[in-house]
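Colleague: Could you work out the structure for the sequence below:
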Amino acid sequence: MKKSLLLLAGLALATTAANAQDVTPANPKTEVKVRDNGTEKVVVKTGKTNVGAALDNTKDAAGNVVHKTGHVLKRGAQKTGHVVKRGAQKTSGAVKKTTQKVEAKTE
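Modeller: Here you go, the predicted model:
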């Protein structure tokens, strides 16, 4: 179970990181900085830095893993509940049959 969760987490991180890379920036911003000696420097900002993008990707991937883990746990609980219910039905059926046999013998 632990290995499968780690595998899912790794796949989610890799997939999210690959999909989140933006080749064309949405809104490049241009800033003009004037230096002390009077020259100008033009700086174009095209989006998030690599570190900022990695942080966002990690946060998204962690959310995906938590969501998937929650779904797996919910499904497991449903299966367990079903097994318990079926076991109770079988047990009650066996008890009824045994009670009927004992009553038939005593009559």
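Colleague: how near is the residue most central in space within the chain to Val72?
Modeller: Taking CA atoms, centre = their mean as the criterion, Val65 is the residue nearest the geometric centre of the chain, at 2.2 Å. Between Val65 and Val72 the distance, using CB to CB, to the nearest Å, works out to 10 Å. Using the backbone N, CA and C atoms, a C-beta is placed for each residue, glycine as well.
Colleague: Next: Ala54.
Modeller: Applying CB to CB, the value for Ala54 to Val72 is 26 Å.
Colleague: ditto for Gly63
Modeller: Separation of Gly63 from Val72 (CB to CB) stands at 15 Å.
Colleague: just Thr98 next, same as before
Modeller: Counting by CB to CB - Thr98 and Val72 are separated by 39 Å.
Colleague: go on, Ala94?
Modeller: Ala94 is 33 Å from Val72, where distance means CB to CB.
Colleague: Tell me how the protein divides into domains.
Modeller: 1-58, 73-107 (automatic domain parsing).
Colleague: Least confident of these, on average?
Modeller: Mean pLDDT is lowest for domain 1-58 among the domains of the chain, at a mean of 70.
Colleague: Tell me the helices and strands packed up against the longest helix along the chain.
Modeller: Identified as the longest helix of the chain according to DSSP state H is helix 50-106. Counting contacts by 3 or more CB pairs under 8 Å, 6 or more residues apart in numbering; DSSP states H and E, helix 50-106 is packed against helix 2-20.
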